[in-house]
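> I would like the atomic coordinates for the input below:
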Amino acid sequence: MLVDSPPSPGPPTPVAAPEAAPRRRGAVHAVGLLAATGALLLVVAASIAIGAKQIPLDQVWHALFHSTGNATDVVVRDVRVPRTLLGVLAGTALGLAGTVMQALTRNPLADPGLFGINAGASAAVVSGISFLGVTSLTGYVWFAFLGAALVSVVVYALGGSRGATPVRLALAGTAVTAALNGYVYSVQLMDSAALDRMRFWTVGSLASANSALVAQLAPFVAVGVVVALTLARPLNAMALGDDQARALGTRLTATRVLALGSVTLLCGAATAACGPIVFVGLMVPHVVRSFTGPDLRWVLPYAAILSPVLLLGSDIVGRVVVRPSELQVGIVTALIGGPLFIHLVRRRRMAQL
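Presented below is the predicted three-dimensional model:
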């Protein structure tokens with residue numbers, strides 16, 4: 001009696017390694033970072049080449065590399081280059097500050113004004129103008145920085161210090177912001193000189209940039225960037241909840257203090273130099289998460305690169321649309337960012353972020 005032998009097994013079906021997909025995604029994100037860096041370089045070049053005054057490209061090139069000190073060279077080297085560098089610094093600072101704040105508070109609508117930093121800077125500047133007679137931009141910067149730092153400490157203390165939670169920090173920041181805004185409006189109403197000098201600063205602009213201002217702000221932004229990037233892993237853990245983060249070895253208090261410190265440095269520097277510019281720190285993290293997911297190891301670098309792309313692009317638009325005058329960048333970012341942010345929030349995919 002013949003018994004059928006079992007069929008011989010065929011060649012094993014290849015199974016993809018479980019780590020292959022994350023590696024592929026990492027490679028794609030790395031290529032995307034290179035593309036984003038290329039876009040930033042193009043926008044930087046456009047910011048130097050394009051302005052309210054039309055200058056041929058050959059003269060821009062001559063001013064950058066063969067300057068003779070004529071009027072065109074001065075415009076390019078002493079006006080446009082510092083303005084562009086300030087746009088890169090401020091854009092990076094606002095993008096990272098917004099990303100860290102949204103992660104820290106677990107609030108997708110958090111922006112650099114949530115902790116009262118913009119209000120603290122404004123209150124310090126208006127106090128310096130009205131009571132101490134400060135008139136120079138350099139003076140504004142240091143007063144704004146001091147106000148931002150002090151308000152950050154106050155918000156952290158009111159939020160519970162070591163027992164601070166995202167909700168407490170957000171509520172404390174909202175309360176302090178309301179109080180300080182009332183103070184700013186009161187001083188401006190009583191002092192017309194303060195109102196006139198604050199009016200341009202509060203709109204948000206890169207037009208007052210100079211080499212000295214860029215040199216003053218660069219160290220603060222650099223430290224803030226480094227701190228923010230090192231917080232990617234602990235903030236990722238905190239997104240799972242405080243208990244899970246503790247189980248993973250995350251030091252919650254230290255992470256919150258460092259995050260608040262980085263936001264103060266980044267947002268304080270940008271606000272001090274340019275005034276409160278809206279929507280950059282709020283919108284860019286959402287755009288980035290729409291294609292990277294919530295992993296802050298990718299969201300933070302992308303936000304650091306794409307935020308200055310948005311800010312400089314908006315500044316270029318503001319220089320061109322009303323030539324020979326200029327439209328302040330804070331107005332342009334609001335006009336561009338508002339509709340785009342509404343569109344992003346309405347997308348089904350964004351509802352999960």
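
> Now do the lowest-mean-pLDDT helix or strand in the chain: distance to the chain's middle.
Between all helices and strands in the chain, the lowest mean by mean pLDDT, DSSP states H and E belongs to helix 192-203, at a mean of 73. The chain centroid and the centroid of helix 192-203 are separated by 24 Å, computed with Cα atoms, centre = their mean, to the nearest Å.

> Kindly report the same for stretch 150-168.
21 Å.

> list the buried ones in that stretch?
For stretch 150-168, the buried set under the neighbour-count rule, 16 or more other Cβ atoms under 10 Å, comprises 150, 151, 152, 154, 155, 156, 158, 159, 164, 166, 168. For the C-beta atoms, the positions are set from N, CA and C on the backbone; glycine is no exception.

> The first one: helix or strand, and which one exactly?
Element membership for residue 150 (DSSP states H and E) is helix 137-158.

> Give me the next element, helix or strand, following that helix.
By DSSP H and E, the next helix or strand past helix 137-158 is helix 166-190.

> what does that next one contact?
With contacts defined as Cβ atoms under 8 Å, 6 or more residues apart in numbering, helix 166-190 is touched by 104-107, 110, 113-116, 118-120, 122-123, 126-127, 130, 151, 154-156, 158-160, 194-195, 198, 256, 260.

> now swap in stretch 241-260 and tell me
Stretch 241-260 has contacts (Cβ under 8 Å, 6+ apart) with 100-101, 103-104, 115, 152, 155-156, 162, 164-165, 169, 227-228, 230-231, 234-235, 237-238, 240.

> Show me which of those are buried.
100-101, 103-104, 115, 152, 155-156, 164, 169, 227-228, 231, 234-235, 237-238.

> dump the residue contacts of residue 229.
96, 300, 301, 304.

> Just list what the least confident helix or strand of the chain packs against, helices and strands only.
Contact analysis of helix 192-203 by 3 or more Cβ pairs under 8 Å, 6 or more residues apart in numbering; DSSP states H and E lists helix 117-132, helix 166-190 as its packing neighbours.

> Name the stretch among those that sits most buried.
The highest average neighbour count among these, using mean count of other Cβ atoms under 10 Å, belongs to helix 117-132 at a mean of 24.

> Now that helix - C-alpha only, CSV.
Output of helix 117-132 as CSV, limited to C-alpha atoms (Å, rounded to 0.1, in the frame of the first residue of the first chain):
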residue,chain,number,x,y,z
ILE,A,117,6.8,85.3,27.6
ASN,A,118,5.6,87.8,24.9
ALA,A,119,3.6,89.7,27.5
GLY,A,120,6.6,89.8,29.9
ALA,A,121,8.8,91.1,27.2
SER,A,122,6.2,93.7,26.2
ALA,A,123,5.8,94.8,29.8
ALA,A,124,9.5,95.2,30.3
VAL,A,125,9.9,97.2,27.1
VAL,A,126,7.1,99.6,27.8
SER,A,127,8.4,100.1,31.3
GLY,A,128,11.8,100.9,30.0
ILE,A,129,10.4,103.4,27.5
SER,A,130,8.0,105.1,29.8
PHE,A,131,9.9,105.2,33.1
LEU,A,132,13.6,105.0,32.1
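
> So for it, mean pLDDT?
Mean pLDDT, helix 117-132: 86.

> what's around residue 301, how many residues?
23 (other Cβ atoms under 10 Å).

> Please name the residues that touch it.
33, 229.

> any idea which helix or strand carries it?
Using DSSP H and E, residue 301 sits within helix 296-320.

> which of the residues in that helix are buried?
Within helix 296-320, the residues scored as buried using 16+ other Cβ under 10 Å are 296, 298-319.

> Flag every buried residue along the helix or strand that it is followed by.
Of the helices and strands lying after helix 296-320 in sequence (DSSP H and E), the nearest is helix 329-346. Buried residues in helix 329-346, counting neighbours by 16+ other Cβ under 10 Å, are found at 329, 330, 331, 332, 333, 334, 336, 337, 341, 344.

> what's the average pLDDT for helix 329-346?
For helix 329-346, mean pLDDT is 78.

> Restricting the selection to alpha carbons, write that helix to CSV.
Provided in CSV are the C-alpha atoms of helix 329-346 (Å, rounded to 0.1, in the frame of the first residue of the first chain):
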residue,chain,number,x,y,z
VAL,A,329,6.7,90.4,8.7
GLY,A,330,4.4,89.9,11.7
ILE,A,331,1.4,91.1,9.5
VAL,A,332,2.4,88.8,6.7
THR,A,333,2.8,85.7,8.9
ALA,A,334,-0.7,86.4,10.3
LEU,A,335,-2.2,86.7,6.9
ILE,A,336,-0.5,83.6,5.6
GLY,A,337,-0.6,81.5,8.7
GLY,A,338,-4.2,82.0,9.7
PRO,A,339,-5.9,80.4,6.7
LEU,A,340,-3.2,77.8,6.3
PHE,A,341,-3.5,76.8,10.0
ILE,A,342,-7.3,76.5,9.7
HIS,A,343,-6.9,74.3,6.7
LEU,A,344,-4.4,72.1,8.5
VAL,A,345,-6.6,71.8,11.6
ARG,A,346,-9.6,70.8,9.5
